[in-house]
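**Q** Provided below are the primary sequence and the corresponding predicted coordinates.
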Amino acid sequence: MKDSIKQNLFDAGCNEEFIKTFADCIGDRTECEKLLAAHRRKLLDEVHKKEENISCLDYLVFMMKKEGLQQ
């Protein structure tokens, strides 16, 4: 596997195990695409969870201002 591909996978948050699995399937484009799609879904799920966390904090700040609560 090219170093640039390995670096790109690392930059995308892939761990060594994922990179090894990806390297093992290099000859099977469909399998590689499935692995990448699964990792993308995992990352997107994490983003959505963090968005929920931020929304909860925003709501708390809103309620504190609405009710005049001070620290």
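**A** Cool, got the structure.

**Q** what's the longest helix in the protein?
**A** helix 29-66 (DSSP state H).

**Q** For it, which helices and strands make contact with it?
**A** Contact partners of helix 29-66 among helices and strands, from 3 or more CB pairs under 8 Å, 6 or more residues apart in numbering; DSSP states H and E: helix 16-24. Yep, even glycine has a C-beta here, placed from its N, CA and C like the rest.

**Q** The same query, at a cut-off of 10 Å, please.
**A** helix 3-11, helix 16-24 (3 or more CB pairs under 10 Å, 6 or more residues apart in numbering; DSSP states H and E).

**Q** so for the last one, what's the average pLDDT?
**A** Spelled out, that is helix 16-24. Across helix 16-24, pLDDT averages out at 96.

**Q** Would you agree residue 35 is in contact with residue 17?
**A** No. Contact between residue 35 and residue 17 fails when scored by CB atoms under 10 Å: they sit 11.3 Å apart.

**Q** Who has more neighbours out of these two?
**A** Shown here are residue 35 and residue 17; by other CB atoms under 10 Å, residue 35 has more neighbours (18 against 8).
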